[in-house]
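Visitor: missing the sequence, but the structure's below:
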């Protein structure tokens with residue numbers, strides 16, 4: 001291959017990847033995790049538990065790479081249950097087309113049922129992770145660390161997920 005062909009191929013691939021990155025639009029996502037540490041009132045600490053969530057989000061069409069989403073999650077910890085509904089915002093590190101590191105914050109409501117008592121609390125959460133986009137397909141996989149804080153309780157977890165952009 002001569003240099004002109006190599007330059008043409010690199011330019012074409014870069015253009016496609018950057019156009020894909022620049023597209024704004026909606027996405028749906030699903031996550032699953034186990035707790036790395038759960039420190040809840042009236043329950044067992046440092047206990048693994050099942051976590052799942054679904055989200056509907058929108059990547060904003062601005063120069064700053066932001067996404068916003070609404071997320072519903074449910075967590076099961078032995079006999080206790082936690083359901084959350086929250087709004088999240090993510091900032092993606094720009095100019096990395098396929099692999100995108102990000103940080104995020106979220107706020108919402110959590111309903112925690114501990115044994116026989118149920119409480120509604122304000123939830124704040126902080127996320128950091130990496131999203132890997134599949135070139136030429138509207139699909140991405142992510143892995144993140146998430147710290148959730150609500151009324152004298154906190155949960156740290158590693159979350160794995162998938163997103164479909166449309």
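Guide: Structure's in. What do you need? Remember, it's a predicted structure, so these values are computed and weren't measured experimentally.
Visitor: what sits against residue 64?
Guide: Residues counted as contacts of residue 64 (CB atoms under 8 Å, 6 or more residues apart in numbering) are 91, 94. Any C-beta I mention is one placed from the backbone N, CA and C, and that applies to glycine too.
Visitor: ok, now how distant is residue 91 from residue 137?
Guide: Per CB to CB, to the nearest Å, residue 91 is found 24 Å from residue 137.
Visitor: Compare the two and say which is more crowded by neighbours.
Guide: residue 91 (14 against 10; other CB atoms under 10 Å).
Visitor: so that one makes contact with residue 68?
Guide: No: using CB atoms under 8 Å, residue 91 is not in contact with residue 68; the gap is 10.8 Å.
Visitor: Let's test this: mean pLDDT of the host helix or strand of residue 164, rounded?
Guide: Using DSSP states H and E, residue 164 sits within strand 153-165. Strand 153-165 shows a mean pLDDT of 86.
Visitor: Strand partners (parallel or antiparallel) of it?
Guide: strand 25-39 (antiparallel), strand 139-150 (antiparallel) (DSSP bridges).
Visitor: ranking these by mean pLDDT, which is last?
Guide: strand 25-39 - the lowest mean pLDDT of the strands paired with strand 153-165, at a mean of 79.
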